[in-house]
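Novice: give me a model of this one.
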Amino acid sequence: MSKNILNFIIAVSICFTTLLLMTPSEAWAGTADSASADSGSGQDQIHAGAAWDAYNSGNLTEAERQFVFLIDKSKQEKQTINNNTEEIFNLQLGLAYTQMKLGDLISSKDIFADLIQKKYKLTDCVPAILGILSQLKDYKTMDKYLPMLENLFSGQDLDKWDYLFAESAWAAYNAKNYQLAQRKFESLLQKQIIQKNLDGKMNPKNGTINPDTKATSDTKNNPDIKNNPDTASWVTGLGYTLYQQEKYEAAYELLNDFMGKNNIKSTAKIDELKLMICRKLADPLTSKVKKGKYGVPNGYDNIFYHRHKNGDNGTSRLDETGFVINSNSNNLDIFFKSRHLLNGASDSFPNKTGNFYKYLNGQKALFTSSNDNIIVNETALKWNTDKITLLSDFDLKLDTSLGISPLGGAVSPTPVIRVKADSNKGWNAEIHRTVVDDSILSMSGFDDPYSNQEWGRVVKNGINIGRNISFGKNDWFSLNGGFDAYRGVNMLKNSSLQLNAATGKTIPMQNGDEMTLGLYVTWMHFQHNSNFYTFGHGGYYSPDFMFTAGPLFRYKTASCKDYSMDFQLSVGWMKEKNADAEKYPVHYEIVDEFTASALDELKGVHAGNTSSTMTGSMKLEGWKIMTDNLAAGGFFSMNAASEDLEWRIGAGIEYCFDSRSVFIHNPIFKENL
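Specialist: Next up, the predicted model:
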């Protein structure tokens, strides 16, 4: 036992002596190396945890220092992607987030892009880099990563990134890439509607969401759809995008039918855009839609009216009561007009019309007042050609009507036509062959009471050319002139020249209405005075010289309202000279077969006259939408000069096949061919 104890003491002594003889570094080297080897990874983890703690606590500078240190250490130790990959990517992710918060967006973006390429934590990296690109306004690169969101997320998880898609859409709009912006806004709205269980099929005609989209009973009143400001913003964006591409019809459909049927709440911006688009549709120079739902509405008009023109009973007096039916269908209109004409003739005195000199020669009247109380009808077809390009920047719009003169009078009807051209440069022209409706004689002719002949039914064949010029802010000037040849049956041939000029200022009101103040001048000359009712004359106004000038006023409500009103007023001073005229410019008898009184009548002259007087005219017309398909209106007009007075009064309804809530094109009473 003592021997064993002695041996143990000797062994311990030897070990202790050996340690004392060794250097300290030689003594602890193995232990340090072993600790480094065992704890090296643990030290990195501790530092990584501390770096993330610094990031989460907001100590971003310290977090960046530690993340950089650990990444650099990994590089120094030549760690590869296959060695501790997850840890390195995690450190890079931390550094990217830290630099993003510190404002070093470029460096952060590059790290996120590298991690995305390596497919590391895409649900974190893709939204992060998109947020950075949004701040950098690098929308081109942004479009590269946006589709990844749709692959990574769905449902509500995807909805929270809608603002990025919307920002990209607005960026395309601001860059004037309207087609790309349209696709992006459509995609946003399509996704929104589909996710709310709406039937959101795309309209193949124009690429917009189908406005006939119907909401299900579960979602029609869903506040997420009705009141979601994002939805309204996307509708606004798509509306502006279509507006910039001049797709006014599609834009108006989006902001009216689509929004209404899907219960999307409007905004002040949408209301403003809606009015802008509506007025583009209303403007003939900018609208590409001439007929149909967003042009002149398809449907029909019924107009009832009465017209009175004072004058001598049996000749120049006229009372006209009629109705008009005008059917509009796409580019073709069918026009029908029927009117009852009276001129106040009486059987109590010899009719001094026609070949009255025969009466003085002993010829009794064959009849009296045969043409003084008649019903005449006329019809026409109308169509338009939207655009004819003559030069690269000179376009024409043609309106054409083809019909017949009034049927049912003494003289057989004749074809009538009117072709009117309007250009985008302010020029306008018209070629016409139209009936002169000053009297029954000029409209449909008279039978001669003293023979088997008829005469009258005057048509004017001519051309007008004009130009409208805008200058200044709201100033304008218009000038037009024309030539007409007057022809009829057994009538004196006649011709005329006319010149009209006007200038003024159109003042826009705050509510969009327009008030116009201006001056006008009119000059007219006829070769012959034919304003008489003996055989060979036409019974229409035909002065040798007429000049009138004065101020004008107009107030017109803006288009795109549920009512329409137009008031026009002009007054002026008029000077006219009516030339002398042969009583019978056309006759077929031998003059030496008449009595002296008959011969005096035959060779007689209608005396002319010269006068100066005040003149004036006014017109008031108004319409109101009564239902989605029906509008009603009325009008009154009056023209007065010296002893001449003419007035009209009427009412009408306009039925549209398509529903509407406002007048895109303010209706007008279409009484005439």
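
Novice: center of the protein - which residue?
Specialist: Closest to where the C-alpha atoms of the chain average out (CA atoms, centre = their mean) is residue 281, at 1.7 Å.

Novice: so which elements touch the helix or strand that one falls within?
Specialist: Secondary structure assigned from DSSP states H and E places residue 281 in helix 268-282. Applying 3 or more CB pairs under 8 Å, 6 or more residues apart in numbering; DSSP states H and E, we find helix 268-282 packed against helix 229-244, helix 248-253. Bear in mind the C-beta positions are built from the backbone N, C-alpha and C, glycine included.

Novice: if I look at the residue nearest to the centre of the chain, how far off is residue 139?
Specialist: From residue 281 across to residue 139, the span is 32 Å (CB to CB, to the nearest Å).

Novice: between the helices and strands packed on helix 268-282, which one is closest to residue 120.
Specialist: Taking CB to CB, helix 229-244 is the member of those nearest to residue 120, at 31.0 Å.

Novice: in that closest one, which residues are buried?
Specialist: Buried residues in helix 229-244, defined by neighbour count with 16 or more other CB atoms under 10 Å: 231-243.

Novice: pLDDT of it, averaged?
Specialist: For helix 229-244, mean pLDDT is 85.

Novice: rewinding a little: the helix holding residue 281: what's the following helix or strand?
Specialist: Counting by DSSP H and E, the element after helix 268-282 in chain order, helix or strand, is strand 299-309.

Novice: ok, and what's touching that following strand?
Specialist: For strand 299-309, the surrounding residues in contact (CB atoms under 8 Å, 6 or more residues apart in numbering) are 316-328, 438-439, 629, 635, 644-658, 667, 669-671.

Novice: now the buried members of those residues.
Specialist: Buried residues within those, defined by neighbour count using 16+ other CB under 10 Å: 316-318, 320-324, 326, 328, 438-439, 635, 646, 648, 650, 652-656, 667, 669-671.

Novice: give me the element residue 458 is part of.
Specialist: With DSSP H and E as the criterion, residue 458 is inside strand 454-471.

Novice: strands paired with that strand, and their directions?
Specialist: Here strand 454-471 has these sheet partners by DSSP bridges: strand 427-435 (antiparallel), strand 446-447 (antiparallel), strand 475-489 (antiparallel).

Novice: and it, how far out from the chain middle?
Specialist: Put simply, strand 454-471 sits 30 Å off its chain's centre (CA atoms, centre = their mean, to the nearest Å).

Novice: one step back: just the contacts of strand 299-309: which are in strands?
Specialist: Residues of those located in strands (DSSP state E): 318-328, 635, 644-656.

Novice: and the strands paired with strand 454-471 as TSV, adding mean pLDDT, mean neighbour count and distance to residue 409?
Specialist: Shown next, in TSV, are these (pLDDT from 0 to 100; neighbours: other CB atoms under 10 Å; distance: least, CB to CB, whole Å):
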stretch	mean pLDDT	mean neighbour count	distance to residue 409
strand 427-435	96	18	10
strand 446-447	92	24	8
strand 475-489	97	17	11
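
Novice: which one of those lies nearest to residue 504?
Specialist: strand 475-489 (6.3 Å).

Novice: next secondary structure after that closest one?
Specialist: Next element after strand 475-489 (DSSP H and E): strand 494-508.

Novice: quick one: strands adjacent to that next one?
Specialist: Using DSSP bridges, strand 494-508 pairs in its sheet with strand 475-489 (antiparallel), strand 514-526 (antiparallel).

Novice: can you list the buried residues in the shortest one?
Specialist: To tie it back to what came earlier, the one meant is strand 514-526. If you call a residue buried by 16+ other CB under 10 Å, then strand 514-526 has these buried ones: 516, 518, 520, 522, 524, 525, 526.

Novice: picking that back up, just put the strands paired with strand 494-508 in JSON lines and tack on distance to residue 66.
Specialist: Output for the strands paired with strand 494-508, formatted as JSON lines (distance: least, CB to CB, whole Å):
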{"stretch": "strand 475-489", "distance to residue 66": "73"}
{"stretch": "strand 514-526", "distance to residue 66": "71"}
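
Novice: nearest to residue 69, of those?
Specialist: Proximity to residue 69 (CB to CB) singles out strand 514-526 among the strands paired with strand 494-508, at 73.9 Å.

Novice: after the closest one, which helix or strand is next?
Specialist: With elements assigned by DSSP H and E, the helix or strand that comes after strand 514-526 is strand 545-556.

Novice: give me the buried positions along that following strand.
Specialist: For strand 545-556, the buried set under the neighbour-count rule, 16+ other CB under 10 Å, comprises 546, 547, 548, 549, 550, 552, 554, 555, 556.

Novice: show me the beta-bridge partners of the fifth one.
Specialist: Spelled out, that is residue 550. residue 520.

Novice: my guess is it meets residue 613, correct?
Specialist: No: the pair residue 550 / residue 613 is not scored as a contact, 12.0 Å apart, by CB atoms under 8 Å.

Novice: between those two, which contacts overlap?
Specialist: Residues within reach of residue 550 and of residue 613 at once, by CB under 8 Å, 6+ apart, are residue 573.

Novice: and the closest residue to residue 563 other than its chain neighbours, what is it in contact with?
Specialist: Leaving aside its sequence neighbours, residue 563 sits nearest to residue 624 (CB to CB, 6 or more residues apart in numbering; 4.8 Å). Counting by CB under 8 Å, 6+ apart, residue 624 makes contact with 562, 563, 564, 631, 632, 633.

Novice: tell me the one among the residues you listed nearest to residue 272.
Specialist: Closest approach to residue 272 among those (CB to CB): residue 562, at 17.6 Å.

Novice: which residues touch the closest one?
Specialist: 624, 625, 661, 662, 663.

Novice: residue 129 now?
Specialist: So residue 129 contacts 109, 112, 113, 116, 145 (CB under 8 Å, 6+ apart).

Novice: go again with 10 Å.
Specialist: 96, 100, 108-113, 115-116, 138, 141-142, 144-145, 148 (CB atoms under 10 Å, 6 or more residues apart in numbering).

Novice: just among those residues, which is most surrounded?
Specialist: Ranked by neighbour count (other CB atoms under 10 Å), those have residue 112 at the top, with 29 neighbours.

Novice: excluding chain neighbours, what is closest to that residue?
Specialist: Nearest to residue 112 is residue 129, by CB to CB, 6+ apart, at 4.1 Å.

Novice: doesn't that neighbour belong to a helix?
Specialist: Yes: if the criterion is DSSP: H, G, I helix; E, B strand; the rest coil, then residue 129 is within a helix.

Novice: so for it, what's the pLDDT?
Specialist: pLDDT at residue 129 comes out at 83.

Novice: ok, it to residue 114 distance?
Specialist: Look at residue 129 and residue 114: by CB to CB, they are 10 Å apart.

Novice: what is in contact with the two at once?
Specialist: Shared contacts of residue 129 and residue 114, defined by CB under 10 Å, 6+ apart, are found at residue 96.

Novice: burial check on the residue nearest to residue 641 when sequence neighbours are not counted, number of neighbours?
Specialist: Spatial nearest neighbour of residue 641, chain neighbours left out: residue 615 (4.0 Å); criterion: CB to CB, 6+ apart. Other residues lying near residue 615 total 19 when counted by other CB under 10 Å.

Novice: buried residues in the helix or strand harbouring residue 615?
Specialist: Assigned by DSSP H and E, residue 615 belongs to strand 609-625. Buried positions in strand 609-625, judged by neighbour count with 16+ other CB under 10 Å: 615, 617, 618, 619, 621, 622, 623, 625.

Novice: appreciated, that's everything.
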